[in-house]
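J.: Build me a structure from this.
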Amino acid sequence: MKCLGADLRYSVAEILLRELEDKDKHDVARSTLLALRSTSPDLATSTVIKSAVFKEIRIRATERHVTAVHAANPNFLAPFVQKVTFLPSTDHLYISDDDLVKFFHAKDKNATEAAITKQITDHRRRAAKDRDLFNNGVIVNVWSTFLGQLWSVETFSISSLLGDHPLLPDAMQSAEFANEYADLMNILCKSSFLPHAEFMDTILQCLGSMHSKVHTLEIEWSYSA
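T.: From the prediction side, this is the model:
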């Protein structure tokens, strides 16, 4: 994007700011705006752009996201963040290998046994790291410290991600695979109960430790796609 002229960059930014209001285009527009900010000091420091791209932030209960939150500068974000959405890890230890085979096979009917075995190993590795965040109290400490400095937040939202879980194959939402899809969703709901309960408890601990008042708490807890 650095090859774009200044006038064109501003024009693109204006278009992207409008597209942020479109739910279907929001995520792509936001990521593009963030990239565009790195091409120009004026765009990087624009209050209008910062207010738009940092109006809502999402924090996920994963090692990678918690590390990013710990490294973030809350003083920079504080004037702009109005909404924080909490998202759970989509990797956890409460789902069996046999069930994981069902999910990975459903996503790719042609996947080899070796490929599925690697996916399960990677899932378990990420899940163990995410589990440690709760065991050692890191996630409560990092989130509480970070949230306590976001003085302009008005809304907190909690999402289960069950209706948009990466283990669920999109193609199976058709009538042809309705029964298999329902079975996979049932497995996911049952295996997610304990980690989601702990996820919710962690959020309430963090919100309870804040000195400022929680104005609005939204819970998006869909158990169906």
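J.: Quick check: closest non-adjacent residue to Ala128.
T.: Taking C-beta to C-beta, 6 or more residues apart in numbering, and ignoring the residues beside it in sequence, Ala128 has Leu93 as its nearest neighbour in space, at 7.0 Å. For the C-beta atoms, the positions are set from N, CA and C on the backbone; glycine is no exception.
J.: Which helix or strand contains that neighbour?
T.: Of the helices and strands defined by DSSP states H and E, none includes Leu93.
J.: any idea how far Leu167 is from it?
T.: With the distance defined as C-beta to C-beta, to the nearest Å, Leu93 ends up 14 Å from Leu167.
J.: give the contact list for the residue nearest to Ala128.
T.: For Leu93, the residues meeting the contact criterion (C-beta atoms under 8 Å, 6 or more residues apart in numbering) are 124, 127-128, 131.
J.: Can I get those in TSV including distance to Ser212, neighbour count and secondary structure?
T.: What follows is those, written out as TSV (distance: C-beta to C-beta, whole Å; neighbours: other C-beta atoms under 10 Å; DSSP: H, G, I helix; E, B strand; the rest coil):
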residue	distance to Ser212	neighbour count	secondary structure
Arg124	39	16	helix
Ala127	33	19	helix
Ala128	35	14	helix
Arg131	30	18	helix
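J.: among those residues, which two are most distant?
T.: Looking at the contacts of Leu93 by C-beta to C-beta, the two members farthest from one another are Arg124 and Arg131, with 10.1 Å of separation.
J.: contacting residues around Asn110?
T.: By C-beta under 8 Å, 6+ apart, Asn110 lies in contact with nothing.
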